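Trainee: Need the 3D shape of this:
(one chain, ligands or ions: 1)
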Amino acid sequence: MKNITFIGSGYVGLVSGAGISDFGHKVICADISEEKIQLLKNGKVPIYEPGLTELIKKNVDAGRLFFTSDLKKAIKKSDIIFIAVGTPQGEDRAADISSVKSVAKIIGENLNKYKVICTKSTVPVGTGELVKKIINKHNDKQTPFGYVSNPEFLREGSAIKDFLWPDRIVIGSDNKKSFDIMKEVYNPLYINDKPILNTSIVTAEMIKYAANAFLALKISYINEVANLCEALGANVQDVSKAMGQDGRISSKFLHPGPGYGGSCFPKDTKAFAALSRKNGQKMQTIEAAIEANKHQKIRMVKKIRSLVDGDFSKKIISVLGLSFKPNTDDIRDSASIDMINAINDGGGLVRAYDPIANDSMKKLFRNVEYFESWEEACKDADAVVIMTEWNEFRSMSIQKLKQLMNKPVLLDTRNIISIQKLKENEFYYDNVGRVSDDAN
Ligand code: UDX
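Mentor: Numbering: from 1, shown residues only. Presented below is the predicted three-dimensional model:
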């Protein structure tokens, strides 16, 4: 059993910290936000992640999981320290690692015995060496420490599952002792023969970006295939299905939509491309994926605008789904933000509903009317646009929708509504690359 501290109790730190405490280790989730820590101490979880509240409660009750805003004390008490602070996109597209650097300084100042420092935050390739330098600079007693890179592969909305049943664990280290200690941390997974890849620090950092940027590229690719399907009358869902049946391609991340969002793909693709340029190699594929994604969001606005005869002014447009994907309250870089901006700029009136993310979007848009059900949001609408594939929209009654609306006009950016049903109810509709329902 190890004493472990996570510095940064956000989407990554909380899930990973709770997950590792579930392996039997003693974990402190630390954060500089007193408010966040107080919430957690009162049994409240500041983010929406299915299963996280229960996982935290189970391990708090078992006396394995604690919360504090006293970083120094937590560092001193730990054998292993995970850096899990945010690395948002900076001005020059590269990731902003100022939080990582300030945490490294605090760690250096509080090294009271041998520890392994583990960066879980997504950081530009090569950051490991910088973090080690900063720690050493403030490590007055020159206390020895180990450093590893242990990138996360958690998807919001399924982060608990992704943590407890990962496809692989990546540990970048520069000595055996650090690696062996990390292997012990993940021992329960190791027993379930989950592959633990031991590589260099810089390679582990590269793996994270390479994997994420590839997933984003895959999405931009299928979005462009969908756009061509529209021009040629092909059905992208059948194309995607048949492609996915090729084991080399896999069916995952081949669903066309309004363009990817979230706190990772937009940031990681830009950081990866910027890093590549900085090292004299223009990464054409990823730069193209970024461009294609930007255009996909613009394309969705063009679609809804043409469905309302090219003019938003004074029209009521209902936006169903605000989060960047289902099962999260996160709206960062969500395609619905571009959509709402365009409708507002065009003089339209937005009525919005999201099962979870209304409150998140209220912080961004005050001139939007928010509702607690899709039925209320669609009342008297001149058009409805589905932006997030929440399950409740998949099953909504098209007949009822038509009765509620001023005009039966729908843009389905997630291809979740039956074209047959839209036709039966005489909807004027559009979607992404589908000319008819699936052949089978
Ligand atoms: C992603 C990576 O999947 C995860 O491994 C990494 O650790 C963090 O970044 P996340 O951003 O939480 O996870 O969500 P993800 O499920 O990857 O979706 C990202 C965006 O891509 C969403 O906007 C989603 O709607 C979109 N998407 C995803 C598609 O448009 N089509 C798909 O087939 C899959």
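
Trainee: any idea what Leu411 is structurally, helix, strand or coil?
Mentor: Put simply, Leu411 is strand when judged by DSSP: H, G, I helix; E, B strand; the rest coil.

Trainee: Over to the closest residue in space to Tyr353 that isn't next to it in sequence: give its phi and psi.
Mentor: Distances taken as Cβ to Cβ, 6 or more residues apart in numbering put Ala377 closest to Tyr353, at 3.7 Å, once the chain neighbours are dropped. Just so you know, the C-beta spots here come from the backbone N, C-alpha and C atoms, and that holds for glycine as well. With angles defined as degrees, to the nearest 10, Ala377 sits at phi -70, psi -30.

Trainee: Wait, Ala377 touches Asp354, no?
Mentor: No. Between Ala377 and Asp354 there is no contact under Cβ atoms under 8 Å: 9.3 Å.

Trainee: Count the residues that sit near Asp70.
Mentor: By other Cβ atoms under 10 Å, the residues close to Asp70 number 14.

Trainee: Now for the nearest residue to it once chain neighbours are set aside: which residues touch it?
Mentor: Residue nearest to Asp70 in three dimensions, not counting chain neighbours: Ala30, with 7.3 Å by Cβ to Cβ, 6+ apart. Ala30 sits next to Thr5, Phe6, Ile7, Gly8, Ser9, Ile37, Phe67, Thr68, Ser69, Asp70, Leu71, Ala74 when contact means Cβ atoms under 8 Å, 6 or more residues apart in numbering.

Trainee: hang on, the earlier thing: the more surrounded of Ala377 and Asp354?
Mentor: Shown here are Ala377 and Asp354; by other Cβ under 10 Å, Asp354 has more neighbours (26 against 23).

Trainee: Which residues are in contact with the more buried one?
Mentor: Leu320, Gly321, Leu322, Ser323, Met361, Thr388, Trp390.

Trainee: since we're on the fourth one, how many residues are nearby?
Mentor: The local packing count at Ser323 equals 28, with neighbours defined by other Cβ under 10 Å.

Trainee: again, but for the second one
Mentor: By the measure other Cβ under 10 Å, the count of residues near Gly321 is 29.

Trainee: mind checking how far it is from the ligand?
Mentor: 10 Å (Cβ to the nearest ligand atom, to the nearest Å).

Trainee: now swap in the third one and tell me
Mentor: Taking Cβ to the nearest ligand atom as the measure, Leu322 and the ligand are separated by 12 Å.

Trainee: In this structure that residue contacts Arg332, no?
Mentor: No. If you go by Cβ under 8 Å, Leu322 and Arg332 don't touch, sitting 11.3 Å apart.

Trainee: okay, those two: which has more neighbours?
Mentor: Ranked by neighbour count (other Cβ under 10 Å), Leu322 and Arg332 place Leu322 first, with 32 against 17.

Trainee: ok, now which ones touch that one?
Mentor: Leu322 neighbours (Cβ under 8 Å, 6+ apart): Ile331, Ser334, Ser336, Ala352, Tyr353, Asp354, Ala357, Asn358, Ser360, Met361, Met387, Thr388.

Trainee: and those as CSV, adding secondary structure?
Mentor: Formatted as CSV, the contacts of Leu322 follow (three-state DSSP):
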residue, secondary structure
Ile331, coil
Ser334, coil
Ser336, helix
Ala352, strand
Tyr353, strand
Asp354, coil
Ala357, coil
Asn358, helix
Ser360, helix
Met361, helix
Met387, coil
Thr388, coil
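
Trainee: now Phe82, what's its secondary structure?
Mentor: At Phe82 the chain is in strand, as set by three-state DSSP.

Trainee: I figured it hits Cys118, correct?
Mentor: Yes. The criterion here is Cβ under 8 Å, and Phe82 meets it with Cys118 at 4.9 Å.

Trainee: before we move on, back to that, next up, the contacts around the residue nearest to Tyr353.
Mentor: Ser318, Val319, Leu320, Arg351, Ala352, Tyr353, Glu369, Phe371 are the contacts of Ala377 under Cβ under 8 Å, 6+ apart.

Trainee: do the same with Gly259
Mentor: Asn223, Asn293, Lys294, Gln296, Lys297, Met300, Ala335, Asp338.

Trainee: ditto for Ile298
Mentor: Taking Cβ under 8 Å, 6+ apart as the test, what Ile298 contacts is Asp338.

Trainee: can you list the weak-confidence ranges in the protein?
Mentor: Along the chain, segments meeting pLDDT under 70 span 438-440.

Trainee: so which helix or strand takes in the residue lying farthest from the centre of it?
Mentor: In the chain, Lys141 marks the outermost C-alpha relative to the chain mean, sitting 39.5 Å out by Cα atoms, centre = their mean. Using DSSP states H and E, Lys141 sits within no helix or strand.

Trainee: Tell me how many other residues crowd the closest residue to it other than its chain neighbours.
Mentor: What sits nearest to Lys141 in space, not counting adjacent residues and going by Cβ to Cβ, 6+ apart, is Leu111, at 7.2 Å. Leu111: 22 surrounding residues under other Cβ under 10 Å.

Trainee: How about the one 3 residues further on?
Mentor: Here the neighbour count serves as a burial measure; for Tyr114 (other Cβ under 10 Å) it reads 12.

Trainee: Also Ile196?
Mentor: Per other Cβ under 10 Å, the neighbour tally for Ile196 reads 17.

Trainee: got the contact list for it?
Mentor: Ile196 makes contact with Arg168, Ile169, Ile171, Lys183, Tyr186, Leu189, Tyr190 under the criterion Cβ under 8 Å, 6+ apart.

Trainee: got the contact list for whichever strand or helix holds the last one?
Mentor: Using DSSP H and E, the secondary-structure element containing Tyr190 is helix 187-191. Contacts made with helix 187-191 from outside it, assessed by Cβ under 8 Å, 6+ apart, are listed as Phe23, Gly24, Leu164, Pro166, Ile169, Lys183, Ile196.

Trainee: Adding distance to the ligand, write those out as JSON lines.
Mentor: Converted to JSON lines, these look like this (distance: Cβ to the nearest ligand atom, whole Å):
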{"residue": "Phe23", "distance to the ligand": "20"}
{"residue": "Gly24", "distance to the ligand": "25"}
{"residue": "Leu164", "distance to the ligand": "15"}
{"residue": "Pro166", "distance to the ligand": "10"}
{"residue": "Ile169", "distance to the ligand": "13"}
{"residue": "Lys183", "distance to the ligand": "21"}
{"residue": "Ile196", "distance to the ligand": "17"}
